[in-house]
Structure formats: structure tokens, C-alpha cells
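In: turn this into a model:
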Amino acid sequence: MKDKAFSLEDKNIVSIIKCLSEAIGDDVKGCLRRENLNEKQSNGKKLLKWDFINRNFIMNFSVGNLTAEYAKRGAWNMVPLHDKETGAIYTVMREERFREIQRKQSKRKKAHYVDALVQSFNFDLNTEHQLSLFEEQSFDEEEVKSIVDDIIKDFDIEKTVIKRYKTILFEEYNSELIAVRCCVLDSSLQVVEEEDWSTYITHSESVVVDTVADSNESHTSNIKLKDKARKKAGQRELVALKENSQEQKVQNN
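Out: Sure, this is the predicted structure:
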């Protein structure tokens with residue numbers, strides 16, 4: 001990435017990856033299993049992961065150079081990250097959702113928060129293809145200001161402190177994080193610079209699957225064993241009674 005002045009330390013990238021990976025995987029799985037909800041038929045699974053992503057960010061970035069705060073954008077709650085050392089602000093989004101926002105930018109009358117952030121902090125960047133004044137998308141300044149103010153107000157910082165906006169884009173498959181990249185976008189939402197963070201992803205077997213499955217199986221098997229044990233115990237008692245009865249008959253004869 002060219003813009004090294006705004007790059008994160010490796011330890012912070014590792015922490016972000018861990019927050020995303022756990023939220024998408026074990027956090028959601030564990031919640032659904034605890035509530036006895038079928039993962040394949042869950043209506044809330046896709047949204048639930050965002051609550052865990054937000055929570056993980058808040059818990060992991062409460063102190064230090066990289067901090068997280070809740071922000072509200074319409075009905076949506078999000079948690080941006082702010083790097084005090086470099087002045088960069090970060091938001092997280094799925095790759096698929098980003099492509100949709102990128103594709104529909106020219107059709108939007110109102111700014112998406114990504115539009116507002118790039119217009120505020122990445123306005124100095126240009127794509128390789130030069131856009132004319134009439135082709136370049138620009139949203140209402142007051143609307144953009146309102147969106148940005150709402151996003152950064154809980155950080156308790158001045159807007160002038162923020163020097164760059166970066167978008168963390170991720171992909172998942174079967175409740176597992178498979179790709180992450182950090183991008184710098186221009187005002188037309190074209191990727192000017194990017195850094196591949198996928199190498200920081202560590203793949204391991206789900207702890208929840210093993211723990212919860214074993215727990216459920218153990219509980220179920222204990223119930224089954226108790227039922228079987230009672231039947232066997234009853235059978236043994238009957239056999240013992242018959243044997244005693246036969247012995248008494250032999251003795252009496």
C-alpha cells in the first residue's frame with residue numbers, strides 16, 4: 001500500500017481479524033445453539049453477526065491508539081474504529097454490500113455513509129481515469145456533514161483530526177472468514193489503494209461445535225442410559241426373583 005503513513009500496526013490488524021472471525025463463526029453459532037435455534041433456518045443469523053462484530057470491537061478497542069465507539073446511521077448501529085496515531089477512521093462492510101453501493105452510487109439522491117466519509121476525508125484522491133466536473137458524484141454538503149458528525153461524535157474528537165477514511169471489506173463462507181482487505185476509496189468509490197489482510201486469518205475448528213455438540217450428546221445419552229438402565233435393572237430383578245423362586249422349589253422338594 002502506498003499510503004503507509006495511515007497503515008495499522010500488525011497487532012491491531014490481528015485483533016480486527018480475530019473480532020471478525022469470532023463474530024462470524026463461534027459467537028453466532030454459540031448464541032443460536034444456546035437458544036436451541038436451527039442455524040440453517042435462522043432469520044436473524046445474518047444480522048446477529050453485526051451485533052457480535054460491534055461488541056467485539058468495543059471490548060477489544062476500549063483503550064490504546066485504536067479505539068471503537070458506537071455510532072448510529074438511521075436505524076443501523078455501527079462501530080467505526082479510529083486510529084489516534086495516524087488520524088485514520090475505519091468502517092467494516094461485506095464485499096458484496098460494497099459492490100452494490102459502488103454500483104448504485106450514481107443513482108443515489110441521498111448519501112450513504114461511505115459516500116459521506118470519502119467526500120469528507122478522501123477528497124484529495126483521484127482515480128487513474130480523470131472524471132469531468134459533470135461526471136463526478138457529489139452529495140449535499142450539509143447532509144454529508146450531518147452524517148459524519150453523527151459517526152464521529154462519540155469519539156469526542158474534532159473532524160479536523162481525521163486525516164483519512166479506510167474501508168475494511170470482508171468475505172465469509174459457511175460461517176468462516178475467508179478474505180479481508182483494507183481499501184482507500186476516492187469520491188467515486190473506486191479503490192485507489194488496498195492492503196490484503198487475508199494472510200492474518202487463522203483457520204481452526206470451531207470450539208462451539210465441539211463443546212456444544214458434546215454437551216448435548218452427553219445430556220441426551222445420559223437420559224437414554226438412565227432409561228435403559230432402569231429397564232435392565234427391572235429385568236435383572238425379575239430374573240433374580242425367578243431364580244429365587246426356582247431355588248426355593250428345589251429346596252422344598
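
In: which stretches of the chain form strands?
Out: Taking DSSP state E, the strands of the chain run over residues 66-68, 71-73, 76-78, 81-83, 88-94, 164-173, 176-185, 191-196.

In: of all the ones you listed, which lies closest to residue 150?
Out: Nearest to residue 150, of all those, is strand 71-73, at 6.4 Å by Cβ to Cβ. The C-beta positions use only the backbone N, C-alpha and C, and glycine is treated the same way.

In: how far is that closest one from where the chain is centred?
Out: 17 Å (Cα atoms, centre = their mean, to the nearest Å).

In: ditto for stretch 163-171
Out: That offset, for stretch 163-171, works out to 14 Å (Cα atoms, centre = their mean).

In: again with stretch 13-27
Out: 6 Å.

In: check stretch 20-38 too.
Out: The answer for stretch 20-38 is 11 Å, by Cα atoms, centre = their mean.

In: now tabulate the strands of the chain in JSON lines and tack on mean pLDDT and mean neighbour count.
Out: Formatted as JSON lines, those follow (pLDDT from 0 to 100; neighbours: other Cβ atoms under 10 Å):
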{"stretch": "strand 66-68", "mean pLDDT": "96", "mean neighbour count": "21"}
{"stretch": "strand 71-73", "mean pLDDT": "89", "mean neighbour count": "16"}
{"stretch": "strand 76-78", "mean pLDDT": "91", "mean neighbour count": "13"}
{"stretch": "strand 81-83", "mean pLDDT": "97", "mean neighbour count": "23"}
{"stretch": "strand 88-94", "mean pLDDT": "97", "mean neighbour count": "20"}
{"stretch": "strand 164-173", "mean pLDDT": "96", "mean neighbour count": "20"}
{"stretch": "strand 176-185", "mean pLDDT": "95", "mean neighbour count": "19"}
{"stretch": "strand 191-196", "mean pLDDT": "94", "mean neighbour count": "15"}
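
In: arrange those in a markdown table, one row each, with distance to residue 122 as further columns.
Out: Output for these, formatted as a markdown table (distance: least, Cβ to Cβ, whole Å):
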| stretch | distance to residue 122 |
| --- | --- |
| strand 66-68 | 19 |
| strand 71-73 | 18 |
| strand 76-78 | 18 |
| strand 81-83 | 15 |
| strand 88-94 | 11 |
| strand 164-173 | 5 |
| strand 176-185 | 6 |
| strand 191-196 | 8 |
